[in-house]
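Engineer: Starting from these lines, generate the structure:
(chains A and B)
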Amino acid sequence: MRRAAMIFGTLLALLAAPGSARAARFRPSGQDPTAKREALPRYRFVNYTTANGLPNNHVYSVLVDGDRIWAGTDDGLAELDHGHWKIYTVADGLAQQAVLSLALDPRTGAVWAGTMGGLSRVSAGRIDTWTQLNSGLSNNVVYGVAVQGDDVWVATAAGACRLNTRTGEWSLYNERNTPMREIWAYGVSAAPDKVYFAIWGSGLLEYTQKTHAWDIYTDPDGENEIVLLKDQGLIHDITSSVSYVDGVVWVSTYFGDSHYDGRYWHNFLTKDSGLPSNFTNFIKGVDRNRAWFCTDKGLAYYDGANWAVYRPNLTTGKPEMLVRNAAGRVTQVPVATAPAHNYILGIDFQGNDIWVATAQGLSHGIYQP
Amino acid sequence: MNRPKLSHPERRKPQPCGLRRRRTCISGFLLSSSTRLQSCRLKIPIACAMLIATALFRPAPVAAAPKPSLDFTELYASPLELLTSRDGSLLYVLCEGTGDVRVLNVATGRTLRTIPVGHNPRGISFSPDGRRLYVTNSWDDTLSVIDTQTSQVVATWNAGWEPSSVAEDPAGQTLFVADRIGNNVTVLNAATGAVEGTLEAGRGASYMAAAGRRLYVTHVYPNPGPYRTPPHSEITVIDPATAQVTDRIPLHSIAGAFHIAISRDGRLGVVAELHPKNLIPLAHVEHGWVFVDTLTVFGADVGRPVEIPLDEIDRYYAMPFGVAIAPDKSRIYVTNAGSDCVTVIDTRRLLAYIRAHRRPFAEDLSASAHYVIARIPVGKNPRGLVLSRQGAWLCVANRLDDTISVISTHTLEVTRTFHLAGPTHVTALRRGEQTFYSAQYSFQGQFGCSNCHIDSTFDGLQWNLEPSGFGRNIVDNRLIESLRGTEPFKWNGMNPSISVECGPRTEMFFWRSQNYDERTLSDLVLYIRSLPERPVRWLAADGQLTPAQQRGQAVFQRTIDHLGQPIPEQNRCSYCHSGPKGTIQKSFDVGTKSSTDSSGLFDTPQLTSIALTAPYLHDGRAQTLEEIWTLYNPHDQHGRTSDLTKDELNDLIQYLRTR
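Structural biologist: As a prediction, the model looks like this:
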C-alpha cells in the first residue's frame, strides 16, 4: 500500500513537473532527425585469446594509448605493442592479477590499473601500487579509475576516492560526506568541470570541480523497477558505468541505460531501442549523440537515431550485425566476423577502429570503409 | 595550488638581530632558539649522526670540548655547480651558500658579476640558445630565469617541491625541473612558466642530462621496495618532445645516484652513484663493508648498463658526485666529494675491460686499476665540474673551501685555483661541515657522515650495525634535521647526546683508525645542531592546516576513543609524540619487537619531516605511514587506532605531514 502510494505520488509529481513535458519531447542534443546520417560502421574483428598471446581470455577492461593496447585480464595486465604482448603480473608489482579497470594519464603516458587488490600505476615499465593497507585508498577492489589533471579518481567497493598525485593526499567520499546511500562505486568518469560516479544501488553521483559540491541522480521510480514515465530521470539505481563527454552523461545500469545532457534525460530499453539487452556492463560515449553499449548480449552502437549490434549469434554463434533504424525496423547485415564473445565488458577507440573487452577474449574491430 | 612563499633567511642569513638575541649557550655550544626556526619550519639534518641515530653506544668519558669561536653571520659561497659560456670565456658558478650565480672570467678567475637568486640554489643550466640561464632554488621551490645578456633575473617561477636541476628541450618550448621532495619532474612552459604537468621520477629526483631527444634523470634516494631487499634506483628517461617518460633504466643495488653525463654523440652515458652494502652485517670494515663507490655506464657504446667500481682494494674514493665526458670520449672525469679528488678514467680501457668481463664486477675493487689513470687532488668537497669546449681544461667546484680548481686535461694537474669572495677564515661551523662531508676519518677513506645522510638528510636505508651480533637489531636510518630537543639518540635511546654519538661511539666501530679530536668533534656537533628544518610543503596556501589536517590533529590529540572509553595516556598519539618536535624523549614498547631485536623498547622518534622519511618504525618494516597502523599495530600498542575509520586515518596522516 505504501509502495503504491509512493508510486502514485511520484507519478503526480512528475506530471506536475514542467520538465516532464519537455522530457517527453527529448532528442539527443544537436540531433537533426531529418538529416542524412552516415552509415553505421562495419568492422572486421580480429580476436586475441590465450591462443595468440593473451594471458587470460577473461578481459575486464581495455585501453588504447596510440599504438599501444592495454587489456586488463583475469590473469594480469597485457600490453600489445606493435604485435608483441608484454604481460605485467603481481611479480612485476601489479596490485592483483585481476585488472578490472584502466585509465590513461594523457599528460604523462602512465596507465592506471584498478584491480581486485588495489590500484597500480604503470609508467615506462615501473609499477607503483596503492592498497587499502599501504595508502589512503578506501578499498582494494577498484572497479573504476579516471585521471583528470593531478587527480586520480577511483571507484571502489567502499566508496569513491581521489588521489592528488602531486601532494599524495587521499580524499575519501562515501555515505558520510556525499549523498550516496550505497558505497559500491562501479564506474567513474572525470572531466575538468565534473566528475561522475556510477554507484551500484545509489544511482549517479556528481561532483562539481568548481564548487566541490556533490549531487546525486536516482531513479524517480525508486527500487520498483518499473518505468512510470519514460525519460523522467535515471533509468535505474543499479548503475554499472558512466561516461561523461561533451557535457553529456551516458549511464549504464543493469536495467537499461540513460543519457543526460544536464537538463533532459533520455533512457534506452530493449523494448524501445536497439539495445540487445538491458543488462549493460559498460558504456562509453563518443560525443553528445553517439555511444557504445557493452551488454551481456552483444556490443551495441547508437548514432543518435539508429542502432547496430555486433556479436556472435546467441544461438548459433555465427557472426552477426543487426541494424535498427530510427523507425524501429531491424535488418541483418551479412558479416564474416564478430567480437570474441557476446558478453562485453569494455571498449575503447583507436581512430575509426574499436577494441573490445569480452568474456572470451580481446577483439580488435578494424573499420571497414 | 598556490603554496606559501617559503623564505628561510636563517639558512642564508642567520644573523638578524632577532635571532641573535635568542642565542643561548648550552653545553658549551652556542645555539639558536628553536622558536624562530620552528616558525619558519626549518629542520636540522646531521651527517655523522646516521651513525648517531642508529648505531651502537660505547660509553666512554668525553672531555669537555673547548668552546669554539662561533660566527653565524659568515656566509660562504659554497660553489656547487659550474657552466661555461658558449665562447668559453666565462665561468658561471652556482653558489649554494650565498644564493647567487657568480660570473667569472675564465682567463683571470676574476668575478665579473654576481647575480642573486633564491635560497639554497642547487641546479643550473642554459637554454638551448644560451640567452637564458636557469637556476633552481631548492628551498624556495622556485626557478630563477636569468637573461645572460643583462645578467638580471627576469622571472621567478614556481617549480615543484625542492627543485634541484633544470633542463630545457631542444626546441626551447618546455622546461623540465627535477624535484627532490616531489620525486618527480615538473614540466613547465618555457615561455610562461606555467606548470603543464608532472612526470613520476625516482625518489629524490635531482639531476638531469639532456641529449637530443632524450632527457635523463637520476635520484638520490632509493625507490621504495620490499623490506630487506637490495635497494634499487633508476635512470628516468624522458622524451622532451612529448614530455612523457619513455624508459626507466634500472640501477640495481644503487641508493644514491648523482650527476649524469652523456657523450656528445649520445652513445655513452655515465652516472655517479653509491652502492651500499646495507643488508649484510657491518662488522668487517676491512672487507669494505659499507659502500662501493661506482659509476653505471650505459648507451650504445656499452650495450647493457654496466656498474663499475671506482675504489681500489685498500683505498676508497668516496661519494662520486660530478661526472663529465671528454668531447672525444677519451676520458671520464668524476669528482669524489668525500675524498677531495677527481678520478680520471680512460674510456677506451674501460670499454675494453667491460667487453672482456661479461659478469658483474662492481664489487671487484681490483678492476679500477685497469681503467683509472689518475686521481687528482682538488679542494674540499668537490661537486660540479665542467669541461672547456675543446676539453683542454676542467673546472671543479670545491664546495667547502670556496675555490674552483682548474685542471689541465693534458697534464692532469691543477694549474690554477680561483678563490671566490667570502670569509677569509674558517669558522667552527664551517669546519664541522667539512668534517661531515669528509671520508678521511674512516678506515681506508671508505665513507663519511654524508654517505648515509645525503646532503645532510638521510638515505632511506636500513642497516645491520651489529651492536650485539650478526643479523640483530636492524635499524632504519633517521633524518637528522632539527635535532635539538630530540635526545637521546639511537633507536634504543642509549646515546644521550650528539657528541657521544659522533665521538666515542664512532671511534672504533665506524672509523677503526683516526677519530675526531676534541675540536673536530665539537665543530661537527655544532654543524649538526645547526642544520635547520626544511620547509613544510603540505600546508594550505595561507600556511594553516587544511580541514583534513585539522581533523587529523583532533585525532592526534584525542583522549577518548569511538566507544567513549578514555584512552590511556601512553596510548595517545599526543603523549609519546608530544612537544614541538613530536617526541617525549623516552622509550616505549609499541609492539614492534621482532625476533632479531634485543629489546622491544624503542626511542620515540621525532616527527620532524616525517612525511619524507619512509620507511618507518625502528627497522623500516613499514613502507608507508599507513602501514604503521594497518599492518603493524594489531593490538593497539602503538596508539589506540583500531577504532579509526579509513577517513580518520587519512586525516591523521595528512596532519602528520605538516610536522
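
Engineer: now stretch B:242-260: mean pLDDT?
Structural biologist: Taken as a whole, stretch B:242-260 has a mean pLDDT of 97.

Engineer: hmm, that stretch touching chain A?
Structural biologist: Yes: using C-beta under 8 Å from any C-beta of the partner chain, stretch B:242-260 reaches chain A at B:242-248. C-beta here means a position set from N, CA and C on the backbone, and glycine is covered the same way.

Engineer: Give me every residue in chain B lying close to chain A.
Structural biologist: By C-beta under 8 Å from any C-beta, the residues of chain B that approach chain A are B:1, B:182, B:184, B:187, B:196-200, B:223-224, B:234, B:236-237, B:242-248, B:537-538, B:548, B:611, B:623-624, B:626-627, B:630-631, B:646-647, B:649-650, B:653-654, B:657.

Engineer: Filter these down to the buried ones and hand me the PyMOL line.
Structural biologist: With 16 or more other C-beta atoms under 10 Å in any protein chain shown as the burial test, the buried ones among these are selected in PyMOL as follows:
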select buried, chain B and resi 182+184+187+197+198+199+200+223+224+234+236+237+243+244+245+246+248+537+538+548+611+623+624+626+627+630+646+647+649+650+653+654+657
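
Engineer: Just the ones in helices from the residues of chain B next to chain A, please.
Structural biologist: B:548, B:626-627, B:630, B:646-647, B:649-650, B:653-654 (DSSP state H).

Engineer: so can I have a markdown table of these showing pLDDT?
Structural biologist: Formatted as a markdown table, those follow (pLDDT from 0 to 100):
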| residue | pLDDT |
| --- | --- |
| B:A548 | 96 |
| B:E626 | 97 |
| B:E627 | 97 |
| B:T630 | 96 |
| B:K646 | 95 |
| B:D647 | 95 |
| B:L649 | 97 |
| B:N650 | 97 |
| B:I653 | 97 |
| B:Q654 | 97 |
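
Engineer: ok, which pair from the residues you listed is furthest apart?
Structural biologist: The span of those, defined through C-beta to C-beta, is set by B:A548 and B:E627 at 19.7 Å.

Engineer: my guess is B:R110 meets B:L104, correct?
Structural biologist: Yes: in terms of C-beta atoms under 8 Å, B:R110 counts as a neighbour of B:L104; the distance is 6.6 Å.

Engineer: Of these two, which one has the most company?
Structural biologist: Comparing B:R110 with B:L104 by other C-beta atoms under 10 Å in any protein chain shown, the one with more neighbours is B:L104, at 23 against 10.

Engineer: Leaving out chain neighbours, which residue sits closest to that one?
Structural biologist: Spatial nearest neighbour of B:L104, excluding adjacent residues (C-beta to C-beta, 6 or more residues apart in numbering or on different chains): B:L91 at 4.3 Å.

Engineer: what's the burial count for the one you found?
Structural biologist: Neighbours of B:L91 (other C-beta under 10 Å): 25.

Engineer: B:G202 too?
Structural biologist: There are 27 residues near B:G202, going by other C-beta under 10 Å.

Engineer: again, but for the one 4 residues further on
Structural biologist: Residue crowding around B:S206 was assessed by other C-beta under 10 Å; the count is 29.

Engineer: can I assume it sits in a strand?
Structural biologist: Yes: judged by DSSP: H, G, I helix; E, B strand; the rest coil, B:S206 forms part of a strand.

Engineer: Report the contact partners of it.
Structural biologist: B:122-123, B:164-165, B:178, B:180, B:218-220, B:258 (C-beta atoms under 8 Å, 6 or more residues apart in numbering or on different chains).

Engineer: just to revisit the earlier point, of the ones in helices among the residues of chain B next to chain A, closest to B:S587?
Structural biologist: Nearest to B:S587 among these, with distances taken as C-beta to C-beta, is B:E627, at 21.5 Å.

Engineer: quick one, what contacts that closest one?
Structural biologist: Per C-beta under 8 Å, 6+ apart, neighbours of B:E627: A:133-134, B:616, B:621.

Engineer: just B:S450 next, same as before
Structural biologist: Neighbour list for B:S450: B:47, B:319, B:337-338, B:436-437, B:456 [criterion: C-beta under 8 Å, 6+ apart].

Engineer: Now tabulate the residues of stretch B:242-260 next to chain A in JSON lines and tack on distance to B:V292.
Structural biologist: Converted to JSON lines, those look like this (distance: C-beta to C-beta, whole Å):
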{"residue": "B:T242", "distance to B:V292": "36"}
{"residue": "B:A243", "distance to B:V292": "35"}
{"residue": "B:Q244", "distance to B:V292": "34"}
{"residue": "B:V245", "distance to B:V292": "28"}
{"residue": "B:T246", "distance to B:V292": "30"}
{"residue": "B:D247", "distance to B:V292": "25"}
{"residue": "B:R248", "distance to B:V292": "22"}
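
Engineer: taking the residues you listed one by one, which sit in strands?
Structural biologist: Mapping the residues of stretch B:242-260 next to chain A onto strands (DSSP state E) picks out B:244-248.

Engineer: After the helix or strand of chain A with the lowest mean pLDDT, which helix or strand is next?
Structural biologist: Lowest by mean pLDDT, DSSP states H and E among the helices and strands of chain A is helix A:18-24, with a mean of 35. For helix A:18-24, the succeeding helix or strand toward the C-terminus, using DSSP states H and E, is strand A:43-48.

Engineer: Tabulate the CA atom coordinates of that following strand in CSV.
Structural biologist: Provided in CSV are the C-alpha atoms of strand A:43-48 (Å, rounded to 0.1, in the frame of the first residue of the first chain):
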residue,chain,number,x,y,z
TYR,A,43,34.2,-3.9,-38.8
ARG,A,44,36.3,-6.8,-39.4
PHE,A,45,37.0,-8.3,-36.0
VAL,A,46,40.4,-9.9,-35.1
ASN,A,47,40.2,-11.7,-31.8
TYR,A,48,43.0,-12.2,-29.4
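
Engineer: State the mean pLDDT of that strand.
Structural biologist: 98.

Engineer: Which residue ranges of the stretch 401-550 of chain B form helices?
Structural biologist: Per DSSP state H, counting those that start in this stretch, the stretch 401-550 of chain B carries helices over the ranges B:428-436, B:449-452, B:498-502, B:504-506, B:518-530, B:547-557.

Engineer: Out of those helices, flag the one nearest B:I404.
Structural biologist: helix B:428-436 (17.1 Å).

Engineer: does the residue lying farthest from the centre of chain B count as helix, strand or coil?
Structural biologist: Distance from the C-alpha centroid of chain B peaks at B:G564, with 45.4 Å (C-alpha atoms, centre = their mean). Following three-state DSSP, B:G564 is assigned to coil.

Engineer: Near chain B, which residues of the stretch 101-250 of chain A? Just list them.
Structural biologist: Going by C-beta under 8 Å from any C-beta, the residues of the stretch 101-250 of chain A near chain B are A:107-110, A:121, A:123-126, A:128, A:132-136, A:138, A:150, A:158, A:165-172, A:174, A:176-177.

Engineer: If we use 7 Å, what do you get?
Structural biologist: With the criterion set to C-beta under 7 Å from any C-beta of the partner chain, the stretch 101-250 of chain A comes near chain B through A:107-110, A:123-126, A:133-136, A:138, A:165-167, A:169-170, A:172, A:176.

Engineer: Dump the contacts of B:E627 to a markdown table, plus pLDDT.
Structural biologist: Below are the contacts of B:E627 laid out as a markdown table (pLDDT from 0 to 100):
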| residue | pLDDT |
| --- | --- |
| A:L133 | 97 |
| A:N134 | 97 |
| B:Y616 | 97 |
| B:R621 | 96 |
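
Engineer: Out of those residues, which end up buried?
Structural biologist: Neighbour-count burial (16+ other C-beta under 10 Å) applied to the contacts of B:E627 gives A:134, B:616, B:621.

Engineer: Done for today, thanks.
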